[in-house]
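> Here's my sequence, what's the structure:
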Amino acid sequence: MEKGKLICTCMDVYESEITKSIKDNKLLTAEEVGDVTGAGTVCGECIEDIEELLRKSK
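Model (predicted):
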């Protein structure tokens, strides 16, 4: 499976994992994405990217 872009370098979380988690778990916020994937929970640099993926998933 294609992983896509590395979104969260701290936790090594790729776009495909975040997108799948959003869809499978009906996630609505970056905080929820962090709870499920760990993305955005260390330095926060990727929060904007996570929020963009959330917007695209609607």
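
> Low-confidence ranges, the chain, go.
Applying pLDDT under 70 to the chain flags residues 1.

> Compute the number of surrounding residues for residue 45.
By the measure other C-beta atoms under 10 Å, the count of residues near residue 45 is 12. C-betas here are computed from N, CA, C, even on glycine.

> how close does the closest residue to residue 10 other than its chain neighbours sit to residue 13?
Leaving out its chain neighbours, the residue that sits closest to residue 10 by C-beta to C-beta, 6 or more residues apart in numbering is residue 42, at 3.7 Å. From residue 42 across to residue 13, the span is 10 Å (C-beta to C-beta, to the nearest Å).

> So for these two, which sits in the more crowded spot?
residue 13 (24 against 13).

> mind pulling up the phi and psi values for the nearest residue to the more buried one once chain neighbours are set aside?
What sits nearest to residue 13 in space, not counting adjacent residues and going by C-beta to C-beta, 6+ apart, is residue 39, at 4.0 Å. Dihedral pair for residue 39: phi -60, psi 130, per degrees, to the nearest 10.

> Run through who's touching the helix or strand where residue 48 lies.
Using DSSP states H and E, residue 48 sits in helix 47-56. By C-beta atoms under 8 Å, 6 or more residues apart in numbering, the residues outside helix 47-56 that reach it are 7-8, 15, 18-19, 22, 27-30, 33-34, 39-40.
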